[in-house]
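[1] just to be clear, the model below is a prediction. Sequence and coordinates:
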Amino acid sequence: MLVRIRSNEGQSRIDIDENDDVEILENKIYDTLSNKNVDMTISLDQQKKNVLIKGSLIKEYSISEGDLIFVSLVKREDAANTSKPTETQQSSQTMATVSESISVEKAPTVELMEIDKLLEKEEGLIKRGRSNFCRHEAKGMCEYCMPLEPYDQNYLNEHKIKHLSFHSYIRKLIAENKATSKNNKGYLPPLEDQDFKIKPNCSGHLPYPKGICSKCQPSAVTLQSQTFRMVDHVEFDSPKLIDNFLQFWRNTGCQRFGYLFGKYMPYSEIPLGVKAVVSAIYEPPQECAIDGIQLELPDNKMDQVLSVAKSLGLEIVGMIYTDLFDNGKNEQKVLCKRHADSYFLSSAECIFSAEAQLEHPTPCKYSKTGYFGSRFITCVVTGNEDEDVAISAYQVSNTCMAMVRDKIVDACVEPSLMLVRETSNEQYIPDVFYKYKNKYDILVQEPAKPSFPTEYLLVTLTYGFPQSPNPLFKSSKTFPIENRIGETSEDLSDLKKQLENLSLDDALSDFHALLRIKDSDILSEDDFNLVCKVAIDHKESDVQELTYSPTWRTLMTILDSSDIMDTTPFSGGGGASSSTSISQPPSAVQDDGPWQCQLCTYINIDGTLTACAICNTPRS
């Protein structure tokens, strides 16, 4: 096919095949030039946003008969080398450019997350349909309908996208860096973690505090909102997931904390976006109160929970906790505590989130250290401006993570403010500034002495539920959730009841039931993996195989016995401690449904109890 070539020397036509390599096109253009002492950049537009990369095929760029191709010619510095064009500085952010952006000797060896491997292969261009300004044939393309880069600012503004996705941000940085780079060889990674510590072993003076210089002194920090997000959206795969989590607050009035388990998947609403799909919530041991939560750390069962999640193809993606208070008007409404005039995340919560993100760094080959940022998310269930229960999803910025890691900030009694520590003989604290608009609508810069608003550290995420829910766990009956005193038995009776009342695949399709089975330590590793397959795949062949497996039959024998063995299950965290066993109530009466203790106000789910499961106060 014939294509038109427009360069500094004029316009020409060249015959190419769609299966030709871009290098063949480059050589043909090179042959038509009168001055061959030049480097060339071939692109589909004058702005050089869509550059053709050597090593890729013509058909990959949707070039058709008669299309206009732009060639930018730059005179070489080395006039002696005129045999063939040198490698030009490309600015396109296609898949080929991303993979070539770091030289082999400088690229850190890290195992990328599956979502990063997937998005790395994506072209990422934003497809556009034919515009009213287009004057070409159906298969043609012009500047009005050609695909846009995923970081195109006009597109982001038009669709009200405040934050770039992480991979869009990467490609934007590579485009900017390569545009100013003189040599692609030995190209430096574009991402660096911030460091607020004094560089050690500076040879020009004595160690701090006896000496300091501009070389070892950390730079001043000017706070600004982070332009990109590591995660763009949080999706709970079923509303039932949140409903079960909130049930504890409805019953007791106490707050609750949990870890989110799921997986990261592409998010099509944002170019090269990432969403965290949450399939389960694990509630660790905790002391819950009306106005707060105290985690019992370390959690001795966490390794076991992570093992179960791995068997299910899940990973820990974040945390969730409640901050709910009834408005006291018997309207089934809650107080709106977090809003623009108060705070969204307190300084203590920001530090807590930063510490959690530091524990879960994201592998990244574009960073010198092999890690950059984190995809660990924080969800708060609280009251919105309509006094309805709502979820707010956040991450803290990479700057906040670095500040917490280097211990230059502290929590403040005023929740909307973060304190900056003072310089001491033990630690040098760099200057921190932040910008805001004053009452005259003028942007001014202020030093953070002694504090600054926490909103500068927050990255807001969207959240939602799928329109057609297809949850990973489909059990028709919710298994008692671990670490809830008054709900979880100290033996295997809950598991026995679950298996007796439901089909095997239905009974096992519950994250908490799987945790209980794993905690019993009866099944072999292979048999437990088979249990997980039954729980999520629901295949009859797997059910039959599990039924005849040795350790599963052992578990069934134990459940069928009259005396169910005590296996030291998950325990703790209900707002108070109690030695009363839920499986051995003081006595039983007719089941009249849940009832509230007159002394401690705990709502007992089991209507047959004659005494409170928490404080053992008689029901009468």
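    Received it, and whenever you're ready, just let me know what you need.

[2] distance check, residue 17 against residue 57.
    Residue 17 is 9 Å from residue 57, where distance means C-beta to C-beta, to the nearest Å. C-betas here are computed from N, CA, C, even on glycine.

[3] out of the two, which sits in the busier spot?
    In this view residue 17 and residue 57 are compared by other C-beta atoms under 10 Å, and residue 57 has more residues nearby, 15 against 12.

[4] can I assume the more buried one is in contact with residue 23?
    No - Residue 57 is beyond contact range of residue 23, at 10.4 Å (criterion: C-beta atoms under 8 Å).

[5] could I get the contacting residues of residue 215?
    199, 202, 204 (C-beta atoms under 8 Å, 6 or more residues apart in numbering).

[6] what about stretch 605-619, distance to the chain center?
    Relative to its chain's centre, stretch 605-619 lies at 42 Å (C-alpha atoms, centre = their mean, to the nearest Å).

[7] give me the below-cutoff pLDDT ranges for the stretch 251-400 of the chain.
    Across the stretch 251-400 of the chain, nothing is flagged by pLDDT under 70.

[8] follow-up on the earlier one: just among the contacts of residue 215, which is most surrounded?
    The most neighbours of any of these, using other C-beta under 10 Å, belong to residue 202, which has 16 neighbours.

[9] secondary structure class for that one?
    coil (DSSP: H, G, I helix; E, B strand; the rest coil).

[10] could I get the contacting residues of it?
    Residues near residue 202 by C-beta under 8 Å, 6+ apart: 211, 213, 215-216.

[11] how far away is it from residue 211?
    Going from residue 202 to residue 211 by C-beta to C-beta gives 8 Å.

[12] pretty sure residue 265 belongs to a strand, no?
    Yes - the assignment for residue 265 is a strand, going by three-state DSSP.

[13] what is the burial count for it?
    16.

[14] hmm, it is touching residue 273, no?
    No - if you go by C-beta under 8 Å, residue 265 and residue 273 don't touch, sitting 9.7 Å apart.

[15] hmm, who's touching the helix or strand where residue 419 lies?
    In this assignment (DSSP states H and E), residue 419 forms part of strand 417-420. Residues from elsewhere that reach strand 417-420 (C-beta under 8 Å, 6+ apart): 347, 350, 408-412, 429, 432, 448-454, 457.

[16] may I see the buried residues of whichever strand or helix holds residue 23?
    Assigned by DSSP H and E, residue 23 falls within helix 22-32. For helix 22-32, a neighbour-count test (16 or more other C-beta atoms under 10 Å) marks 22, 25-26, 28-29 as buried.

[17] nearest to residue 3, of those?
    Residue 3 lies nearest to residue 25 out of those, by C-beta to C-beta, at 8.2 Å.

[18] give me the low-pLDDT residue ranges for the stretch 1-150 of the chain?
    Flagging of the stretch 1-150 of the chain using pLDDT under 70 yields the residue ranges 49, 55, 76-108.

[19] now do the helices in it.
    Counting by DSSP state H, counting those that start in this stretch, the segments of the stretch 1-150 of the chain that form helices are 22-32, 95-100, 114-121.

[20] could I get the ones you listed as TSV with distance to residue 419?
    Below are the helices of the stretch 1-150 of the chain laid out as TSV (distance: least, C-beta to C-beta, whole Å):
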stretch	distance to residue 419
helix 22-32	56
helix 95-100	40
helix 114-121	35
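
[21] so which of the ones you listed gets nearest residue 389?
    Smallest distance to residue 389 across these (C-beta to C-beta): 29.8 Å, for helix 114-121.

[22] and the closest one, how far out from the chain's middle?
    Offset of helix 114-121 from its chain centre (C-alpha atoms, centre = their mean): 14 Å.

[23] so which bits of it are buried?
    For helix 114-121, the neighbour count (16+ other C-beta under 10 Å) marks 115-116, 119-120 as buried.

[24] residues of whichever helix or strand comes after it that come out buried?
    Using DSSP H and E, the next helix or strand after helix 114-121 towards the C-terminus is helix 153-158. Buried residues in helix 153-158, counted by 16+ other C-beta under 10 Å: residue 156.

[25] averaged pLDDT, helix 153-158. What do you get?
    Helix 153-158 comes out with an average pLDDT of 90.

[26] output the contacting helices and strands for it.
    Judged by 3 or more C-beta pairs under 8 Å, 6 or more residues apart in numbering; DSSP states H and E, helix 153-158 is in contact with no other helix or strand.

[27] neighbouring contacts of it?
    Contacts with helix 153-158, where a contact means C-beta under 8 Å, 6+ apart, come from 126, 148, 161, 164, 271.

[28] go with 6 Å
    Applying C-beta atoms under 6 Å, 6 or more residues apart in numbering, the contact partners of helix 153-158 are 126, 148.

[29] burial measure for residue 477, as a count.
    Neighbour count for residue 477, taken as other C-beta under 10 Å: 12.

[30] what distance do you get for the nearest residue to it once chain neighbours are set aside to residue 519?
    Closest residue to residue 477 apart from its sequence neighbours, by C-beta to C-beta, 6 or more residues apart in numbering: residue 502 at 6.1 Å. Distance from residue 502 to residue 519, counting by C-beta to C-beta: 20 Å.

[31] got it, and residue 16?
    Separation of residue 16 from residue 519 (C-beta to C-beta): 65 Å.
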